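Asks: only geometry, no sequence info:
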């Protein structure tokens, strides 16, 4: 085994560079495919509210039980809305209270209709048994006359106007014929699935409600938990008559989406929504499903109602106990995820009345973004100048590491913007700029360790390896500290500060990747070249220059009268004592330094070996 192999136990740096190359190709390929399949390029990340503007919605929360809205209700409503918005993948949204009575929701860019609907909807989730299913359209004149039969009298569908039609529908809904529409059940219902809950007033609403247009009824008509209601599924246009609420969102612990499975845990195709109830909710749900499983369609189903709209209807085939349930159907992955979010964050008894909705301009805009990028470019140029001045040709490796880290950061952010809805704010731009300094620090720590090893008499190739063994721990600990700070900042803040923390965390992880997968293997490769490996002048690893006496020799120790001067100490011109522990390799003496001694010994060994050959 040769001595050169002993000095470099990792002679195959191409493996790390190949892995990094594959990673870069995968990132570029993903963004190219996304750009070709989508309607816009994926190489440009979406911008946040401060740089692009967006949509602002002003909401006024109103309690469904008529009580006064408190400041704690406002705070809870903000938390629910923020959870909803974050769950849809929208980043950098600003949600604040205004005057103690309104909530301002500012969404960046052009949010999807699903996101806008999720923000506007009530935070009340109720699970109700299905009593009946009707045609989505309201009754027309012909249908009313046909349903009245002998009671229609001389009503002519061809000549009926709106007032006459409404009067005829009231007559049809008035089951007892007393001329009044009762809001009380004719008979006492036995349970929430009893059709006696359907009152005359409920039937009138069922006959007149049009599920093909947005529901504009007041909250008391759509969210009364102790009575039957009429509700629509906006997706299927199905009209339901539902019994009283048996469960609400406060008894639901969590909801998530996943591929659908059967009772044996085998996939059945499609997607499902998984629900988990608390102890009380699980018991109630078990009782409800036990009753529903014995009924005929459509009364063997229950509907989840949010803000007066049916977001899901599930048929019960058998009792479901244990507090765990799964809703299956013809869900796509996005539909299952949206339903899970609605179920999960539907536990606040508030209605949100929309006061206004308008487009807002960017608070900073492209001018500030350009200024920030120019500032980052100036900082990068200054770092490049310093690297070339301090490390000469080796500064090219540092510059390459910085450019690699910055480029990977941009590609990762573009990918996250496409896949997770991440948006780049001015604070995020600042995080990327800071990452340039983080990468430069890591390189400086490594390279200064290499220089120390060369001063101790090691060859360049050996110094690169031993320097890495000692420097990597410092680099890892430094990045872990930065990453910990980023995680804490991300968890404890919201808005743009959270975006800064996220960006800084991503770039910190990328710094570790670049140092380990690019800087270190590249240093290993260039150390094998003649210019760098032999420490030529201008390479940055010139042994003679590194062993020269530095301008700054450390802090001197004043003479103390009560102590005698140690034998190994030297006295400076100003009378200060310089101890031997301040001269670890005796470079400040007139004799031969330890580094020069080792270098001389190595030269002698090489000359002797060449002479033997």
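Replies: The structure has been received and is ready for your questions. Predicted model only: the values in this text are computed from it and were never measured. Residues are numbered from 1 along each chain as shown.
Asks: drop to CA atoms for contacts and neighbour counts, all remaining ones
Replies: Will do.
Asks: quick check: next helix or strand after the helix-or-strand element of the chain with minimal mean pLDDT?
Replies: Within the chain, no helix or strand scores below helix 3-7, which has a mean of 41 by mean pLDDT, DSSP states H and E. Note on helix 3-7: by DSSP states H and E, the next helix or strand toward the C-terminus is helix 14-37.
Asks: what's the helix or strand just after that next one packed up against?
Replies: Using DSSP H and E, the next helix or strand after helix 14-37 towards the C-terminus is helix 49-52. Contact partners of helix 49-52 among helices and strands, from 3 or more C-alpha pairs under 8 Å, 6 or more residues apart in numbering; DSSP states H and E: strand 102-108.
Asks: could you give the average pLDDT over the strand it packs on?
Replies: Averaging the model's pLDDT scores along strand 102-108 yields 86.
Asks: buried ones in the next helix-or-strand element following it?
Replies: Next along the chain after strand 102-108, taking DSSP H and E as the criterion, comes helix 113-120. Of all the residues in helix 113-120, those buried under the rule 16 or more other C-alpha atoms under 10 Å are 115-116, 118-120.
Asks: try stretch 479-498
Replies: Within stretch 479-498, the residues scored as buried using 16+ other C-alpha under 10 Å are 479-480, 482-483, 486, 489-490, 494-498.
Asks: also stretch 261-276?
Replies: With burial defined by 16+ other C-alpha under 10 Å, the residues of stretch 261-276 counted as buried are 261, 270-276.
Asks: likewise for stretch 227-247?
Replies: Buried, per 16+ other C-alpha under 10 Å, within stretch 227-247: 227-234, 237-247.
Asks: so which of the residues you listed belong to strands?
Replies: 229-233, 238-242, 247 (DSSP state E).
Asks: which among those gets closest to residue 32?
Replies: Comparing these against residue 32 with C-alpha to C-alpha places residue 233 closest, at 38.5 Å.
Asks: name the nearest residue to that closest one, sequence neighbours excluded.
Replies: The shortest distance from residue 233 to any non-neighbouring residue, by C-alpha to C-alpha, 6 or more residues apart in numbering, is to residue 310 (4.6 Å).
Asks: which helix of this protein spans the most residues?
Replies: In the chain, with assignment by DSSP state H, the single longest helix is helix 460-492.
Asks: could I get the average pLDDT for that helix?
Replies: 89.
Asks: which residues does residue 98 contact?
Replies: residue 104 (C-alpha atoms under 8 Å, 6 or more residues apart in numbering).
Asks: please apply the same query to the one 10 residues further on.
Replies: With contact set as C-alpha under 8 Å, 6+ apart, residue 108 has these partners: 47-49, 52-55, 90-93.
Asks: ok, residue 405 - contacts?
Replies: 436, 439, 507, 510-511, 514.
Asks: swap that for residue 396, sorry
Replies: 387-388.
Asks: next, it: phi, psi?
Replies: Here is the backbone geometry of residue 396 (degrees, to the nearest 10): phi -60, psi -40.
Asks: so residue 603 is in which element?
Replies: helix 594-612.
Asks: no wait, residue 271
Replies: Residue-wise, residue 271 maps onto strand 267-277 under DSSP H and E.
Asks: leaving out sequence neighbours, find the closest residue to residue 52.
Replies: Closest to residue 52 by C-alpha to C-alpha, 6+ apart is residue 362, at 4.9 Å.
Asks: okay, now the one you found: neighbour count?
Replies: 17 (other C-alpha atoms under 10 Å).
Asks: repeat that for residue 302.
Replies: 25.
Asks: list the contacts of it.
Replies: Residue 302 touches 127-130, 313-316, counting by C-alpha under 8 Å, 6+ apart.
Asks: again, 6 Å this time
Replies: By C-alpha atoms under 6 Å, 6 or more residues apart in numbering, the contact list for residue 302 reads 128-130, 313-314.
Asks: how close does it get to residue 244?
Replies: The gap separating residue 302 from residue 244 is 11 Å, by C-alpha to C-alpha, to the nearest Å.
Asks: how about the helix or strand containing residue 436: buried residues?
Replies: Assessed by DSSP H and E, residue 436 sits inside helix 426-455. By neighbour count on 16+ other C-alpha under 10 Å, the buried set for helix 426-455 is 426-436, 438-440, 442-447, 449-455.
Asks: what does stretch 292-302 give?
Replies: Buried-residue list, stretch 292-302, by 16+ other C-alpha under 10 Å: 292-293, 299-302.
Asks: of all pairs in those, which one spans the longest distance?
Replies: Farthest pair in the buried residues of stretch 292-302, by C-alpha to C-alpha: 293 and 302, 10.6 Å.
Asks: if we can go back for a sec, can you redo the contacts of residue 405 as a markdown table with distance to residue 287?
Replies: Below are those laid out as a markdown table (distance: C-alpha to C-alpha, whole Å):
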| residue | distance to residue 287 |
| --- | --- |
| 436 | 61 |
| 439 | 60 |
| 507 | 52 |
| 510 | 53 |
| 511 | 56 |
| 514 | 58 |
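Asks: quick one: which of these is nearest to residue 354?
Replies: Using C-alpha to C-alpha, the contacts of residue 405 come closest to residue 354 at residue 507, 39.5 Å.
Asks: which residues touch that closest one?
Replies: Contacts of residue 507 by C-alpha under 6 Å, 6+ apart are 409, 435.
Asks: tell me the SS of it?
Replies: helix (DSSP: H, G, I helix; E, B strand; the rest coil).
Asks: and for stretch 492-503, what's in contact with it?
Replies: Identification of contacts with stretch 492-503 by C-alpha under 6 Å, 6+ apart yields 92, 427-428, 431, 486, 489-490.
Asks: of all those, which two lie farthest apart?
Replies: Maximum distance among these (C-alpha to C-alpha): 16.2 Å, for 92 and 486.
Asks: residue 168 in helix, strand or coil?
Replies: helix.
Asks: pLDDT score assigned to the closest residue to it other than its chain neighbours?
Replies: Distances taken as C-alpha to C-alpha, 6+ apart place residue 144 nearest to residue 168, at 6.8 Å, with adjacent residues excluded. Looking at residue 144, its pLDDT stands at 89.
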